[in-house]
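1. Quick one: sequence and predicted model below, then my questions.
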Amino acid sequence: MLIRVPGWGNSGGVAIVGTENWNNGKRRTSELMQEVSGKLNELPDVKAFTFMRSGLGGGRGGGRPVQFVIQGNTYQELVQWRDIVLAKAAENPQLQMLDHDYKETVPQVLVEINSERAADLGISVGAVGQALEAMLGGRRVTTFLDRGKEYDVILEGEDKDFAKPGSISNVYVRANESGKLIPLDNLVVLKEEATTSSLNRYNRMRSITITANLAPGYSLGEALEFLETTVKDNIEGTVGIDYKGESLLFKESGESTVLIFALALLITFLVLAAQFESFVHPFVIMLTVPLGLVGALAGLYLAGMTLNIYSQIGLVMLIGLVAKNGILIVEFANQLRDAGVEFEDAIKRASTLRLRPIVMTAFTTVFSAIPLIVTTGPGSESRMVIGMVIFAGVGVATLLTIYVVPVAYMVLARNTGSPLAISKELDLLDKESPDKSSGH
């Protein structure tokens, strides 16, 4: 567990705290983090947050899971949008230790020139800027030669004369018409305000990143959806949304998982189509996949688990586990049709005779997932999610497959021939055709 105290300059720090071994520990690390975070933030003038070290999203943001980026054209509008999002996020108790990377902690002095008064005195805005540049920063005005070498002549004021913003009255500018020296405090107005020490950009756009920790039981997907909805409902204008760290990995993995799942479905369908020499029969078999998905998602919801990278892996595995039930029924029905059994009688007999092997394989798969669900120890959260996907998905798919697949086969495959019908016709033609060796 890491404890970070943000600050400017040398006022911040990071502490690494080792927790007890999983088997010996009385409390989970997440519970300890909540307790330590609460006690630290009871201290006056101390702002600290805790997070768990992870291989995911280790970049900026202190490793916190929520790293939500808002992007816009100017930092002024970004600050307004930031305040709106933070105000709404503060009302959500599931988002903890809210923070951002645009902190107005650096003082600055803005110089506003009274252009009308300067014009009346015959002083240009450029002359005011040159005077400030020369006295406060230094300006190269000319060069001189000495013994064959050229040296710069730099005009600048002494630091002791400009230690305070009010010392700007010590700077004079000469009027063009009268030639008189006019103090700058007659031409400019000073405004003191605070700004951030750095102006951040992300993907080449001005940005502010909002970070937060998650309360136990609150998923990263729910947190990002809440922030996205907050921006959509409360901010008017062209605002960009992006992600960093673990939030970015979550979004990218979710998008890639959809593609992987679609490719797995396509490859499975094409392999079955090549095996059955038909597109209808594989389609009937693939109807078992939505049944498994319904069961898996229902199991995750009832168990209070989330749709994360581990459950997504389990859903891809589920395609092969639930498709085998449909294969058993459709393959046996095709074999009966090849043997000369009528269409309806073939599907009824196949559903009846294949019920026992379907139930046996389903029980084997379901009960093999139980140890993954009930196990404890390090890494049990990931194993538990995969086990729940297999347990609920295969169980529900098996229960519904014995009804859905026969009905779908009877409706969709009625007009299809038996897989060996073409081979039988060719054999029949060979028998009826004259013998080639006879020469007729």
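-> Thanks, I have it. Residues are numbered from 1 along each chain as shown.

2. Could you give the number of residues near the closest residue to Leu181 other than its chain neighbours?
-> What sits nearest to Leu181 in space, not counting adjacent residues and going by C-beta to C-beta, 6 or more residues apart in numbering, is Tyr172, at 4.1 Å. Yep, even glycine has a C-beta here, placed from its N, CA and C like the rest. Other residues within reach of Tyr172, judged by other C-beta atoms under 10 Å, total 13.

3. And for the one 3 residues further on?
-> Other residues within reach of Ala175 by the criterion other C-beta under 10 Å amount to 15.

4. Likewise for Val385?
-> When counting by other C-beta under 10 Å, one arrives at 24 neighbours for Val385.

5. That one and Glu228, how far apart?
-> With distances taken as C-beta to C-beta, to the nearest Å, Val385 is found 24 Å from Glu228.

6. Check Ile182 too.
-> Counting by C-beta to C-beta - Ile182 and Glu228 are separated by 55 Å.

7. What of Arg206?
-> Look at Arg206 and Glu228: by C-beta to C-beta, they are 20 Å apart.

8. Name the residue in those two with the higher neighbour count.
-> Higher neighbour count among Arg206 and Glu228: Arg206, with 18 against 12, using other C-beta under 10 Å.

9. Settle this for me: that one is touching Leu199, isn't it.
-> Yes. Counting by C-beta atoms under 8 Å, Arg206 does reach Leu199; the two are 7.1 Å apart.

10. Check the contact lists of the two and give me the overlap.
-> Residues touching both Arg206 and Leu199 by C-beta atoms under 8 Å, 6 or more residues apart in numbering: Tyr75.

11. Residues touching stretch 84-99, excluding its own?
-> Residues outside stretch 84-99 that contact it (C-beta under 8 Å, 6+ apart): 6, 37, 49-50, 64, 66, 68, 70, 100, 210-215, 218, 222-223, 226-227, 230-231, 234-235.

12. mind listing what's buried in it?
-> 85-86, 88-89, 92, 94-99 (16 or more other C-beta atoms under 10 Å).

13. next one: stretch 298-315
-> Using 16+ other C-beta under 10 Å as the test for burial, stretch 298-315 gives 299-300, 305, 307-315.

14. Show only the entries of these found in helices.
-> 299-300, 309-315 (DSSP state H).

15. okay, those residues in JSON lines with pLDDT next?
-> Below are those laid out as JSON lines (pLDDT from 0 to 100):
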{"residue": "Gly299", "pLDDT": "90"}
{"residue": "Leu300", "pLDDT": "88"}
{"residue": "Ile309", "pLDDT": "75"}
{"residue": "Tyr310", "pLDDT": "82"}
{"residue": "Ser311", "pLDDT": "84"}
{"residue": "Gln312", "pLDDT": "82"}
{"residue": "Ile313", "pLDDT": "84"}
{"residue": "Gly314", "pLDDT": "87"}
{"residue": "Leu315", "pLDDT": "87"}
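
16. now, which of these sits nearest Ala264?
-> Of all these, Ala264 sits closest to Leu315, with 9.3 Å by C-beta to C-beta.

17. residue contacts, the closest residue to Lys180 other than its chain neighbours?
-> Spatial nearest neighbour of Lys180, excluding adjacent residues (C-beta to C-beta, 6+ apart): Arg174 at 7.1 Å. Listed by C-beta under 8 Å, 6+ apart, the contact set of Arg174 reads 127, 180-182.

18. gap between the helix or strand hosting Thr211 and the chain center?
-> Using DSSP states H and E, the element containing Thr211 is strand 205-214. Its chain's C-alpha centre and that of strand 205-214 lie 13 Å apart, by C-alpha atoms, centre = their mean, to the nearest Å.

19. just checking, what packs against it?
-> Judged by 3 or more C-beta pairs under 8 Å, 6 or more residues apart in numbering; DSSP states H and E, strand 205-214 is in contact with strand 49-51, strand 66-72, helix 75-90, strand 95-100, helix 220-234, strand 240-243.

20. so what are the domain limits for this protein?
-> The record's domain parsing of the chain by automatic domain parsing lists 1-53, 107-195, 277-425.

21. Give me the nearest residue to Asp161, chain neighbours excluded.
-> Leaving out its chain neighbours, the residue that sits closest to Asp161 by C-beta to C-beta, 6+ apart is Asn170, at 5.6 Å.

22. That neighbour: what's it in contact with?
-> The neighbours of Asn170, taking C-beta under 8 Å, 6+ apart as the test, are 135, 157, 161-162, 183.

23. Quick check: of those residues, which lies closest to Ala264?
-> Among the contacts of Asn170, Phe162 lies closest to Ala264 (C-beta to C-beta), at 69.6 Å.

24. ok, how many other residues are close to the closest one?
-> Counted with other C-beta under 10 Å, the neighbours of Phe162 add up to 17.

25. and if you look at Leu199?
-> With neighbours defined by other C-beta under 10 Å, the count for Leu199 comes to 12.

26. try the one 4 residues further on
-> A total of 9 residues lie near Asn203 under the criterion other C-beta under 10 Å.

27. from here on, count from 19
-> All right, first residue 19 from here; so that's Asn221.

28. shouldn't it be in contact with Lys262?
-> No. Asn221 lies out of contact with Lys262 (C-beta under 8 Å); the separation is 10.3 Å.

29. Now do the residue nearest to Leu199 against Leu325, distance only.
-> Distance of Tyr190 to Leu325, computed by C-beta to C-beta: 70 Å.

30. Any regions of the protein where pLDDT drops low?
-> Applying pLDDT under 70 to the chain flags residues 19-31, 36-49, 52, 59-60, 62-67, 69-81, 396-397, 435-444, 451-458.

31. Show me the helices in it, by range?
-> Secondary structure of the chain by DSSP H: the helices cover 47-58, 93-108, 133-138, 143-150, 238-252, 263-294, 298-304, 306-320, 327-356, 361-371, 373-392, 398-430, 439-450.

32. among these, which is nearest Asp170?
-> Once the helices of the chain are compared by C-beta to C-beta, helix 143-150 is nearest, at 16.4 Å.

33. helices or strands next to that closest one in the packing?
-> strand 124-131, helix 133-138, strand 190-192.

34. list the buried ones in it?
-> In terms of neighbour count (16+ other C-beta under 10 Å), helix 143-150 has its buried residues at 145-146, 149-150.

35. contacts for that helix?
-> For helix 143-150, using C-beta under 8 Å, 6+ apart, the contacting residues are 129, 131, 133, 136, 157, 186, 189-192, 202, 205-206.

36. For Leu290, state which of those is nearest.
-> Nearest to Leu290 out of those is Val129 (C-beta to C-beta; 75.5 Å).
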